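Colleague: Would you be able to build a 3D model of this:
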Amino acid sequence: MQAILKLSLSVGVGERLAIIGPNGAGKTTLLNLISGELFPTYGRIYTFGHEVTEMPRYKRVRLGLGRSFQLNNVFYNLTLLENTCVALQALKSSRWQMLRPVSAYDFLTADAQALLEPQGLW
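Modeller: Residues are numbered from 1 along each chain as shown. Prediction:
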């Protein structure tokens, strides 16, 4: 059984697209293909002008692809700013340097402000 067959989809820069349909229609499968959770048996996937068909998830994230799930895992004991900084840190090459002092990540606050301010959350 195939969940997705002969799909062609293009989303422009700044454009938003809603994917709707009944249970079992293939919505989650499509998102899993785009994000790299699943790999297609044939065809190609392009994101931000790069072919990502066989690219692992972490490399797709580095290109700028993000995905949110219905059940998100935020750190409830952290503020919105702190949760945003944690997410931003995951995109930096320094993310694996666990023994660095927190002050070494002060630059993340400015990045978080740039994301949160336009949404009225700063």
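Colleague: Which residues are in contact with Leu30?
Modeller: Taking CB atoms under 8 Å, 6 or more residues apart in numbering as the criterion, Leu30 is in contact with Ile4, Leu7, Leu9, Ile19. All C-beta atoms are positioned from the backbone trio N, CA, C, and that covers glycine.
Colleague: who wins for neighbours among those residues?
Modeller: Ile4 (17 neighbours; other CB atoms under 10 Å).
Colleague: Can you tell me the element it falls in?
Modeller: For Ile4, there is no host helix or strand (DSSP states H and E).
Colleague: if I look at the nearest residue to Val61 once chain neighbours are set aside, how far off is Asn77?
Modeller: Leaving aside its chain neighbours, Val61 sits nearest to Leu91 (6.9 Å; criterion: CB to CB, 6 or more residues apart in numbering). To Asn77, Leu91 is 22 Å away according to CB to CB, to the nearest Å.
Colleague: any weak-confidence spans in the chain?
Modeller: Along the chain, segments meeting pLDDT under 70 span 1, 70-73.
Colleague: Can you show me the strands along it?
Modeller: Ranges of strands within the chain are 46-47, 50-51, based on DSSP state E.
Colleague: Fine, thanks again, bye for now.
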